[in-house]
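> Whatever this is, show me its structure:
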Amino acid sequence: TPTHLRALEDAGLVRSFDGRLGHLIVGGERLEFGELEPWRALEQPPLVHNEYGPTEATVAVCTSRLDLREVHAAPSDPVPVSDDEAAFIDGLTWMLVDGRGDAVTRGVPGELWLSGTPLALGYDDASATREAFVERNGRRWYRTGDRALHGAQGLVILGRTGQELKIRGVRVDPEELEQR
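Alright, predicted model coming up:
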């Protein structure tokens, strides 16, 4: 996770990987290009694979591959989780939708929905299942709650659509905390 990358940097350990690490696989949280700068500064930076996938969809459903020597982006820019349609696993379809559940065009932010065989059947809680898994156009979709944008660099995760937060890769719902 990006949190783990920061911990390695804070501990002064990034340089110890120079020339010893061919691939760096990151996921679980939004990753920004600036968080990769210590790795980019290595004489032999690793190839970075930024993965995305909620637990409800077999964890990693897509990935982008990034050569740090070829990166030209602002530090606060998000690293894409998919650089093309083929980066998604077989049997999975995705779309970005507006607040009504209608597909948005490329370049317009929306909520990421997933559909296909890798999806979970639901939760132990029937109400939560009905809220998260919806039918549209004859398909069953999982509403990830992640805001995303399909732009020139690929699919980037912008953040969450609601109150739910991700802290060190763990989803936390403030409303649930208030009820306890």
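
> Not counting its own residues, what contacts stretch 61-69?
36, 39-40, 45-54, 79-83, 87-89, 92, 94, 114, 118, 154-155 (CB atoms under 8 Å, 6 or more residues apart in numbering). Heads up, the C-betas are built off the backbone N, CA and C, glycines and all.

> Just the local confidence number for the most centrally placed residue in the chain, please.
Nearest to the geometric centre of the chain sits Tyr52, at 3.5 Å (CA atoms, centre = their mean). At Tyr52 the predicted local confidence, pLDDT, stands at 95.

> oh, and call the first residue 4 from now on, that's how I've got it
With 4 as the first residue, the last one maps to Tyr55.

> which helices and strands does the biggest helix by length in the chain pack with?
Counting by DSSP state H, the longest helix found in the chain is helix 5-13. Judged by 3 or more CB pairs under 8 Å, 6 or more residues apart in numbering; DSSP states H and E, the packing partners of helix 5-13 are helix 40-43.

> Return the set of buried residues in the helix it packs on.
Counting neighbours by 16 or more other CB atoms under 10 Å, one finds that the buried residues in helix 40-43 are Pro41, Trp42, Arg43.

> One more: stretch 126-139?
Across stretch 126-139, burial judged by 16+ other CB under 10 Å covers Ala135, Phe136.

> Just the endpoints, please. Distance across that stretch?
19 Å (CA to CA, to the nearest Å).

> Could you give the average pLDDT over that stretch?
On average, stretch 126-139 scores 95.

> And it, how far out from the chain middle?
From the chain centre to the centre of stretch 126-139 is a distance of 21 Å (CA atoms, centre = their mean, to the nearest Å).

> Need the contact partners of it.
Here stretch 126-139 has contacts from Glu59, Gly104, Trp116, Leu122, Gly125, Arg143, Trp144, Tyr145, Arg146, using CB under 8 Å, 6+ apart.
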